[in-house]
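1. Structure, please.
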Amino acid sequence: MIPNNSDSIVLTQIEKPSKTYRLNSDTNKTVGYCDKLEAVKQAVFLILGIERYVHEIYSWNYASEFTRLFGQPMDFVIPELERYITEALTQDDRINAVTDFSFTQDKNKLIAKFTVVSTYGSFDYEKGVNV
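-> This is a model prediction of the structure:
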């Protein structure tokens, strides 16, 4: 016999707050709090500044894998860097997309410029990687 239950279940999604401690990169100290777009900018800074699988405190879904690119040919590095950045950043639920990549090479450093599209707005970011 199939149960006859006319009660319907309504699920609502609750947005998690993005409020976090504000990091002062000059003094390496926490100073107050930040929220929304500023918190996303700080998350991008941290995600791209930490190497994945190195620190046990971070999940394996968090951080980037730039050391794999060291010593590789530039025609391999450019598309991989774009993929690494996109995959690392879109693990954060607040980041919807990473677009408009452009690359410049300065000696042994490849500089990626891109736009981060988040639920709180968009911003341009730049990351240099030694290759």
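2. Show me which residues of stretch 59-71 are buried.
-> Using 16 or more other Cβ atoms under 10 Å as the burial criterion, the residues of stretch 59-71 that qualify are 62-64, 66, 69. In this view, the C-beta of every residue, glycine as well, is placed from N, C-alpha and C.
3. Just the ones of those residues in strands?
-> With strands identified by DSSP state E, none of the entries of these belong to them.
4. This structure: helices as residue ranges?
-> Secondary structure of the chain, counting by DSSP state H: helices at 37-49, 74-89.
5. list the helices and strands the last one packs on?
-> For helix 74-89, the helices and strands in contact under the criterion 3 or more Cβ pairs under 8 Å, 6 or more residues apart in numbering; DSSP states H and E are helix 37-49, strand 95-106, strand 109-118, strand 121-130.
6. Run through this protein and note the low-pLDDT ranges.
-> With pLDDT under 70 as the threshold, the chain has low-confidence stretches at 1-7.
7. how far away is the residue nearest the centre of it from Phe101?
-> With distances taken as Cα atoms, centre = their mean, the residue of the chain nearest its centroid is Leu89 (2.4 Å). In this structure, Leu89 and Phe101 are 12 Å apart, going by Cβ to Cβ, to the nearest Å.
8. Likewise for Ala63?
-> Note on Ala63: its distance to Phe101, by Cβ to Cβ, is 19 Å.
9. Lys109 too?
-> Here the criterion is Cβ to Cβ. By it, Lys109 lies 16 Å from Phe101.
10. ok, those two, which is more surrounded?
-> Neighbour tally, Lys109 and Phe101, criterion other Cβ atoms under 10 Å: the higher count belongs to Phe101, 15 against 11.
11. can you tell me which residues contact Thr30?
-> With contact set as Cβ atoms under 8 Å, 6 or more residues apart in numbering, Thr30 has these partners: 21-24.
12. can you give me the offset of stretch 20-33 from its chain's centre?
-> Using Cα atoms, centre = their mean, to the nearest Å, we find the averaged C-alpha position of stretch 20-33 to lie 18 Å away from the chain's own average C-alpha position.
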